[in-house]
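Peer 1: Have a look; sequence and predicted model below, questions after that.
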Amino acid sequence: MNTQPAADAQGYRDAMGQLLVLYTQVDQLIMEACAERIATAPDIKAKLGLAKQVGDESRHVAIQREWMHRFGTSQTPLLSEAQQSAIRDHFRDLDWVDFLTDMYLCVEALGSDAVEQVVPLADPGTRESLRLPLQDELDHVAFGVERLRQALADMPASDRQAHLEAIPQRINALGGIFLGMGLGLRALFEAVGADFDQLTHSVQRRKTEILGEVAMPAG
Ligand SMILES: [Fe+2]
Ligand SMILES: [Fe+2]
């Protein structure tokens with residue numbers, strides 16, 4: 001991976017600006033999906049975890065919006081209204097276990113891994129804007145993994161096994177939908193100096209790691 005920040009290049013600024021817009025849009029969608037989920041979450045601890053996350057994501061959106069304004073690049077949304085609606089609908093229709101899988105393993109853990117790949121390549125201001133959000137994402141992933149392990153532990157053994165076996169497929173399907181949205185992710189990541197193939201490998205490694213965590217018995 002190229003570790004030389006190209007902070008002065010216009011191509012870098014435009015692409016990083018677009019990635020920041022996308023990250024902020026995704027955080028806002030996560031905030032909305034988690035807020036909707038509070039009412040039907042299975043217990044008070046889950047409700048409190050989701051509510052805390054809504055507050056965290058709200059702060060991330062505010063930090064990123066403030067930074068994008070100062071960064072001065074285009075804030076035109078990457079995700080269209082229709083794509084945003086599709087994402088909201090997707091999360092709204094899921095049962096608790098699938099919600100945990102898609103939200104925390106796919107979006108939070110793997111999405112954050114992709115964002116983390118960009119941090120060493122970023123200009124100091126962008127890096128600082130990502131610091132606190134990425135710290136919080138670790139909490140969100142921990143919450144999701146713990147709740148997923150718990151939900152799996154509460155199932156009969158054969159259901160648990162079937163769910164575990166279906167998780168990689170779910171992650172690939174959702175990842176495929178996101179990559180198929182025509183956002184030009186490869187070009188954007190490459191324009192900020194990332195090696196997209198290496199980034200994809202890193203996300204795959206993270207996937208294997210987190211699947212291992214989920215498969216461990218609930219503690
Ligand atoms: Fe966030
Ligand atoms: Fe998060």
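Peer 2: In hand now; what should we look at? Ligands and ions are numbered 1, 2, ... in the order given.
Peer 1: elements contacting the longest helix seen in the chain?
Peer 2: Scanning the chain for the helix with the most residues, using DSSP state H, yields helix 124-153. On a contact count with 3 or more CB pairs under 8 Å, 6 or more residues apart in numbering; DSSP states H and E, helix 124-153 meets helix 10-37, helix 44-71, helix 96-100, helix 111-118, helix 157-179, helix 196-215. Using the backbone N, CA and C atoms, a C-beta is placed for each residue, glycine as well.
Peer 1: The fourth one vs helix 10-37, what angle?
Peer 2: Going by axes from the mean of the first three to the mean of the last three CA atoms, to 10 degrees, helix 111-118 is angled at 160 degrees with respect to helix 10-37.
Peer 1: confidence score at the residue of the chain found nearest ligand 2?
Peer 2: The nearest approach of the chain to ligand 2 comes at residue 140, 3.8 Å away (CB to the ion). Here, the pLDDT recorded for residue 140 equals 97.
Peer 1: what do you get for residue 217?
Peer 2: 76.
Peer 1: Now find how far off-centre the one helix or strand residue 87 maps to is within its chain.
Peer 2: Here residue 87 sits within helix 81-92, counting by DSSP states H and E. In terms of CA atoms, centre = their mean, to the nearest Å, the centre of helix 81-92 is found 15 Å from the chain centre.
Peer 1: How much space separates the residue of the chain closest to ligand 2 from ligand 1?
Peer 2: 7 Å (CB to the ion, to the nearest Å).
Peer 1: hang on, isn't that residue packed against residue 55?
Peer 2: No - under the criterion of CB atoms under 8 Å, residue 140 makes no contact with residue 55, lying 11.4 Å away.
Peer 1: Looking at those two, which is more packed in?
Peer 2: Remark: of residue 140 and residue 55, residue 140 carries more neighbours, 23 against 13, as counted by other CB atoms under 10 Å.
Peer 1: How about the contacts made by that one?
Peer 2: Taking CB atoms under 8 Å, 6 or more residues apart in numbering, we find residue 140 in contact with 53, 56, 104, 108.
Peer 1: again, 6 Å this time
Peer 2: By CB atoms under 6 Å, 6 or more residues apart in numbering, the contact list for residue 140 reads 53, 108.
Peer 1: And for residue 138, nearest residue in space, chain neighbours not counted?
Peer 2: Sequence neighbours aside, residue 112 is the residue nearest to residue 138 in space, at 7.7 Å (criterion: CB to CB, 6 or more residues apart in numbering).
Peer 1: What parts of this protein come near ligand 2?
Peer 2: 137, 140 (CB under 5 Å from the ion).
Peer 1: neighbours around residue 205, how many?
Peer 2: By the criterion of other CB under 10 Å, residue 205 has 11 neighbours.
Peer 1: averaged over its residues, what pLDDT does stretch 32-42 have?
Peer 2: 97.
Peer 1: Okay, now the unreliable bits of the chain?
Peer 2: 1-8, 218-219 (pLDDT under 70).
Peer 1: Which positions in it make contact with ligand 1?
Peer 2: So the chain meets ligand 1 at 27, 57, 60, 133 (CB under 5 Å from the ion).
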